[in-house]
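In: Quick one: sequence and predicted model below, then my questions.
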Amino acid sequence: MRLLSTLAALLLAGLAGPLHADCAGTNLLAEMPAERRAAITAAADAVPFARGNYWRATRGDEVITLIGTYHFDDPRHAPTLQAVTPAIRAATTVLVEAGPEEEKALQALVARDPSRMVITTGPTLNQQLPPEVWAQLRAAMELRGIPAFMAGKMQPWYVTVMLSIPPCAMARMQDPKGLDGMVIDAARAASVPVRGLEPFDTVFGIFDAMTHEEMVAMIQSTLALEDRSEDYSATLADSYFAGESRVIWEYMRDVSYGLPGYTPEMVDAEFARLEELLMNRRNQSWIPVLTAAAADGPVFAAFGALHLSGEQGVLNLLQQEGFTLEALPL
C-alpha cells in the first residue's frame, strides 16, 4: 500500500499529528512547481464540494450545520470555534464521529480485549518484520519515547498511527483536543446533547477489512516518510485551515504516481478502495442519522473535513436527499 497506507492512518479517526511549537515542518505543496500544484488543485476541484469547511444544509424546516474538523490541537482553531459556537448553542443535537458515550464504550472494549491494540498471542512485530524494517521501526518509535519491547507488541495499525505523529509532537498527545473536542465542550457548556454518528467500534471494522499483509505494508510505507514526517503534518494542517483538505488527497495520489513499481491505474485503484473503505461507507451510514436528528430540530455536526467532499461525500449525499447547501464564512 506504500504512501496510500500512510494516508489511511491520517484519515482513520483523524489521527494526524498536531504540530508542537518545537516542530518546524515545511508545507510540501508550497515547495512544488506551480504547474504541478495547479494540476493537483484542479483534480481536487473536480469533485463536488471540494473547498470549504463550514456549511449549512436546509430542507424545508430542517437545518443541519456542518463543520469539517482537524482532530488535533492548533491555535488556529480558536476563531473557528468562535464562529461556530452560536450554531452549537442553537442546536437541539450535536453529532460527532465519537461522542463521550462512544469514547467510554471504546475504552471499555479495549480494557476487556487488549488484543485490539496489542499483540497478545503469536509472533510480535520484531518477529514478523524483516530485520532491516524492524531496525527502522525500533529507531523511529524510540524517537517517540516508545521502547522497543512495547513497539514490538503493538498491533500494526496502532504502530502506523504512532508513526504518523512526528516525534516533536508526541509531548502534546497526552490530552489532544482538536476542534472535535472543542465542539463537544461547547455543546456541554450549553447543555446541548452530544451523540455519535456511528457505533463506537466502527474503527475496528475498518481495520478488520484490511489484510495482515496490508497492515505490515502500512508500517513499511510510513517508515519511508519518516524523514519528512513534520512536513507531512504541516502540509495537512495548512491545507485544512485553507479550506482545501481535498487537496491533500490528490497530493498523496500525485506523489504515489511516482512510486517504483506503480502504474497510475494501480494507484487510482488503491485510492478508490481506500475512499470506499475510509470515507464513502461511513458517509452513507451517517446520512440517516443526520436527517433523523434534523427532523427533531436544528442539528450541528462535526467530523473530519475529508468526509465533506466527493461524489459520496456528506454534502453531496445531503444534496441528493433534497437539501440545499450553503457555504458559510469562517
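Out: Good, I have the coordinates.

In: residue ranges with poor pLDDT in the stretch 201-330 of the chain?
Out: 260 (pLDDT under 70).

In: wait, I meant the stretch 1-150 of the chain
Out: 1-22.

In: switch to 80 and redo it
Out: Flagging of the stretch 1-150 of the chain using pLDDT under 80 yields the residue ranges 1-24, 71-72, 106.

In: Leu28 and Trp249, how far apart?
Out: 14 Å (Cβ to Cβ, to the nearest Å). Placement of C-beta: from N, CA and C, glycine included.

In: out of these two, which sits in the busier spot?
Out: Trp249 (24 against 18; other Cβ atoms under 10 Å).

In: SS state for the more buried one?
Out: Under DSSP: H, G, I helix; E, B strand; the rest coil, the three-state class of Trp249 is helix.

In: Tell me if I'm right that it and Leu308 touch.
Out: No. In this structure, Trp249 is not within contact of Leu308 by Cβ atoms under 8 Å, at 11.6 Å.

In: residues bridging contact with those two, i.e. touching both?
Out: Counting by Cβ atoms under 8 Å, 6 or more residues apart in numbering, Trp249 and Leu308 have no common neighbour.

In: What is the burial count for Arg76?
Out: By other Cβ under 10 Å, 13 other residues sit near Arg76.

In: show me the contacts for Tyr251.
Out: The contact partners of Tyr251, by Cβ under 8 Å, 6+ apart, come to 28-29, 40, 235, 239.

In: do that again at 7 Å, thanks
Out: Applying Cβ atoms under 7 Å, 6 or more residues apart in numbering, we find Tyr251 in contact with 29, 40.

In: Do you have the strands of the stretch 101-250 of the chain handy? List them.
Out: With strands called from DSSP state E, counting those that start in this stretch, the stretch 101-250 of the chain shows them at 194-196.

In: so what's Gln220 closest to, chain neighbours aside?
Out: Nearest residue to Gln220 in three dimensions, chain neighbours excluded: Val133, at 5.7 Å (Cβ to Cβ, 6 or more residues apart in numbering).

In: no no, Thr65
Out: Residue nearest to Thr65 in three dimensions, not counting chain neighbours: Ala87, with 4.4 Å by Cβ to Cβ, 6+ apart.

In: Could you double-check that that neighbour lies in contact with Val299?
Out: No. Assessed by Cβ atoms under 7 Å, Ala87 is found out of contact with Val299, at 9.6 Å.

In: the more surrounded of those two?
Out: For Ala87 versus Val299, neighbours defined as other Cβ under 10 Å are more numerous around Val299 (25 against 21).

In: Hmm, Val96 and the more buried one touching each other?
Out: No. Taking Cβ under 7 Å as the definition, Val299 is not a contact partner of Val96, at 11.3 Å.

In: Count the neighbours of Pro79 for me.
Out: Using other Cβ under 10 Å, Pro79 has 11 other residues around it.

In: Next up, identify which helix or strand it is on.
Out: helix 77-90 (DSSP states H and E).

In: Packing partners of the next helix or strand after that helix?
Out: Remark: after helix 77-90, the chain's next helix or strand is strand 93-96, criterion DSSP H and E. Using 3 or more Cβ pairs under 7 Å, 6 or more residues apart in numbering; DSSP states H and E as the contact test, the elements touching strand 93-96 are helix 178-189, strand 194-196, helix 281-294, strand 299-304.

In: Packing partners of the second one?
Out: This points to strand 194-196. strand 93-96, helix 100-112, helix 178-189.

In: what pairs with the closest residue to Ala187 other than its chain neighbours across the strands?
Out: If the residues on either side of it in the chain are set aside, Ala187 comes closest to Val94, at 4.1 Å by Cβ to Cβ, 6+ apart. Taking DSSP bridges as the rule, Val94 bridges to Val194, Phe300.

In: Okay, Val94 and Val161: tell me how far apart.
Out: For Val94 relative to Val161 (Cβ to Cβ), the value is 26 Å.

In: Those two: which is more packed in?
Out: Under the criterion of other Cβ under 10 Å, the comparison of Val94 against Val161 puts Val94 first, with 25 against 21.
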